[in-house]
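J.: what's the 3D shape of this:
(one chain, ligands or ions: 1)
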Amino acid sequence: MCSMTTDDPHPAAVASTSTRIADRVAALMARMSLEEKIGQMVLAQPGEGPPADTLGGPVRDGRVGAIVNVVERDAVSELQRIAVAESRLGIPLLVGRDVIHGFRTILPIPLGQAASWNPELVRAAAAVAAQEAAEVGINWTFAPMLDIARDPRWGRIAESPGEDVFLANRLAAAMVQGFQGESLAEPGSIAACVKHFAGYGAVESGRDYATTNIPENELHNVYLPPFKAAIDQGAASLMTSFSDLDGIPATAHAGLLREVLRAQWSFDGFVVSDWHSIPQLSVHGLTADDREAAVAAANAGVDMEMASDTYARHLAEAVESGVVAPETVDAAVARILAIKFRLGLFDSPPDKVGVAAQAASDHALEVAEKAARQSVVLLQNRDGALPLKPSELSSLAVIGPLADAAYEQLGTWIFDGDPERSISVLAGIRARVGQHLDLLHEPALATSRSRETGGFDEAVAAARRADAVVLCLGEESILSGEAHSRADIDLPGAQVELVRRIRGCGKPVVAVILAGRPLTLANIVDEVDAILYAWHPGSMGGPAIADLLFGVESPSGKLPVTFPRTVGQIPLYYNARNTGKPPRPETVVNIDEIPVRAPQTSLGMSAFHLDVDHTPLFAFGHGLSYTRFEYSDLRLSAARLPLADALIVSVRLRNAGPCSAEEVVQLYVRDPVASITRPVRELKGFQRLRLAPGQAERVEFQLHADDLSFYGRQQRRVVEPGRFQVWIGGSSNAELGGEFEWVEN
Ligand code: NOJ
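T.: The predicted model follows:
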């Protein structure tokens, strides 16, 4: 488990560091006017032209304390110089940017990183991004995004850690560690901003910015914990969500910001609004105008306003007229300044920012490649179609709109990504086997959305000439991300038709799917032999995928989110509650076979759809390997134990297949009888380990009663004694299980 990150690992030193910072903040604030204080609460973007032309004046006047979207090293440097040398108090700037999954070197989208189930790798990925961003003077990223997402239609699922709380908690801590390093003041560390607080992932029908309806238990058990995990790891800031929660937009939600965040979690970083989300309070219908919006946000606990200017225009008057307490402003400013001190901005000249490297470092490329490799999930592999064996092939057709799409494989939020650094799947394959195999490349479709099938004949001809086909399908970058939700999540354009035409050639077909979300694949699973799901893998996607295709390494990614068969099943997630009428395993109905005038009760009367199998197409945690892992001999350290004692659950894992590979061993638990109904399974542990062929190891997990606590009827977390079920295996369908009982001490 990751340990708490502070400016100094020794508690006494930490206390004295924060006392020193508190003293320095207080001394500075004693010299500040109300206007200068409010200036620190303003995060401004540049207008047209050189950033210093539009931001230089307000920075000099102390009316802006933070800037966003200035990424040119010299421009950042100049604005910092103005802030430090020309403003009355010389307060340096926070320089914010969406550094989401890389800066110049792009790592897999966050959902892809989550598929690696490798917190250490995710930490390293965030550290690479932080390092490259820090080189141009960025000192604050708007990441990690920690919105649990159970709806693949939502475009922002690409940025999310997926559907599971436990996995998200681990990744949240890892990302904060990666961005912030051991200390914010160390070179290459930037401040993290966890977002979007809270519940954004639950937007209705996956439509971005839509309403959310989240019952309180669900909010506390599912949506809030990743934020808590990031805050416990020392996250410096937090962003509110655009969405509204039970009628209160998150940007004015005092219950979330003051009660949960400050009172219960003791968060001492600062809170920033989302882009224009303060004036949008009036669009939501909560406030009548910008002034009311500014008052509502400030009083709810939003310390800084992003991009819009309601604080700049109304806060001083609101304080003077008594509707916002001066203490509210003081507390906000103190929190913002404390982060500036922790970043060391007052101690080393922030205008002397480093020189951005022209080329990616070997380390950045290595991490990007490893992350891409471990994020790819082998969804299906009929008759060992993969890995491809160059010795058995003389030619290979590489077909599809995303085969040679270096830019499109980068995914959403790549403002600063360098497309020149990106290596396509085709280029990766060429580099790996180009000398031994005849490669026939045909895009077949101009883009992933194209319906123009004029290129199909050449593609079919290439498939006929080749010994095997790699079909690169999916979604272009622009089809996922913010405000890019889709109602139909089949492969877009004419890609399904392409698959069928290629299938008709009778060659082994391997689909490599690059996408920002789970797509509904039911209409192609039977048409292809193998599926490698690569998400948007980033700059090093090509080499990583080539290694997996040719078995240099075995796939080892596992799904961080359930793949539905069809959109009508959404939301479909593994950790649902049982209901009073769960479908039975044999409940599969084919709508065409329902007898005419079938009696009302003859079809089973349970929670399923008549026209689709009730199971997912691919379950949470699923991911195949080129080897065969055998799970056996599950052991529990006790059948009955007091709540104060930890339970050890272990399993024997053996690599019974032909190659060395990594497996992600997963531990699931169920609380079958509780004071509120609990999920049918919940992930409570995972470990990634490598085994050589024939090698076996005992994998051990420790469970504490607190790990099974939940937010219950009494609006607080409870630990309830009783009987529990456990399973260990390679997916959420793990079958090897046992039972134990936790009794009052
Ligand atoms: C709006 C997005 O919701 C947020 O995630 C992002 O950080 C800001 N824009 C800044 O670009």
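J.: how far off centre is the stretch of helix or strand Ala229 belongs to?
T.: Here Ala229 sits within helix 225-232, counting by DSSP states H and E. Here helix 225-232 shows a centroid-to-chain-centroid distance of 14 Å under the convention CA atoms, centre = their mean, to the nearest Å.
J.: same deal with stretch 337-347?
T.: Counting by CA atoms, centre = their mean, stretch 337-347 comes out at 28 Å from the chain centroid.
J.: cool, and stretch 64-79?
T.: How far stretch 64-79 lies from its chain's middle: 27 Å, per CA atoms, centre = their mean.
J.: quick check: buried residues in it?
T.: Under the neighbour-count criterion of 16 or more other CB atoms under 10 Å, stretch 64-79 has 64-68, 70-71, 73, 75-79 buried. From N, CA and C alone the C-beta is placed, and that goes for glycine too.
J.: try stretch 669-689
T.: Residues 669-671, 674, 678-688 are the ones in stretch 669-689 that count as buried (16+ other CB under 10 Å).
J.: burial check on the closest residue to the ligand within the chain, number of neighbours?
T.: Per CB to the nearest ligand atom, Phe142 is where the chain lies closest to the ligand, at 3.3 Å. If you count neighbours by other CB atoms under 10 Å, Phe142 ends up with 23.
J.: flag the shaky bits of the stretch 501-650 of the chain, pLDDT-wise.
T.: Counting by pLDDT under 70, the stretch 501-650 of the chain shows low-confidence ranges at 588.
J.: show me where it has its helices.
T.: Remark: helices assigned in the stretch 501-650 of the chain by DSSP state H, counting those that start in this stretch are 541-549.
J.: what do you get for the stretch 201-350 of the chain?
T.: So, for the stretch 201-350 of the chain - with DSSP H, counting those that start in this stretch - the helices run 216-218, 225-232, 254, 280-284, 290-300, 310-320, 326-342.
J.: up against the ligand, what does this structure have?
T.: Within the chain, the positions adjacent to the ligand are Asp98, Phe142, Lys195, Asp274, Trp275, Glu482 by CB under 6 Å from any ligand atom.
J.: what sits against the closest residue to Ala192 other than its chain neighbours?
T.: Among residues not flanking Ala192 along the chain, Phe179 sits closest, at 4.4 Å (CB to CB, 6 or more residues apart in numbering). For Phe179, the contact set (CB atoms under 8 Å, 6 or more residues apart in numbering) comprises Val99, Ala126, Ala127, Ala129, Ala130, Thr141, Ala143, Pro144, Ser189, Ile190, Ala191, Ala192.
J.: among these, which ones are in strands?
T.: Among those, the residues falling in strands (DSSP state E) are Thr141.
J.: in JSON lines, list the contacts of Phe179 along with neighbour count.
T.: Listed next are the contacts of Phe179 as JSON lines, based on neighbours: other CB atoms under 10 Å:
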{"residue": "Val99", "neighbour count": "25"}
{"residue": "Ala126", "neighbour count": "32"}
{"residue": "Ala127", "neighbour count": "23"}
{"residue": "Ala129", "neighbour count": "30"}
{"residue": "Ala130", "neighbour count": "26"}
{"residue": "Thr141", "neighbour count": "26"}
{"residue": "Ala143", "neighbour count": "27"}
{"residue": "Pro144", "neighbour count": "31"}
{"residue": "Ser189", "neighbour count": "24"}
{"residue": "Ile190", "neighbour count": "30"}
{"residue": "Ala191", "neighbour count": "25"}
{"residue": "Ala192", "neighbour count": "30"}
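J.: from the contacts of Phe179, which is closest to Pro215?
T.: Each of these was checked against Pro215 using CB to CB; the closest is Pro144, at 25.1 Å.
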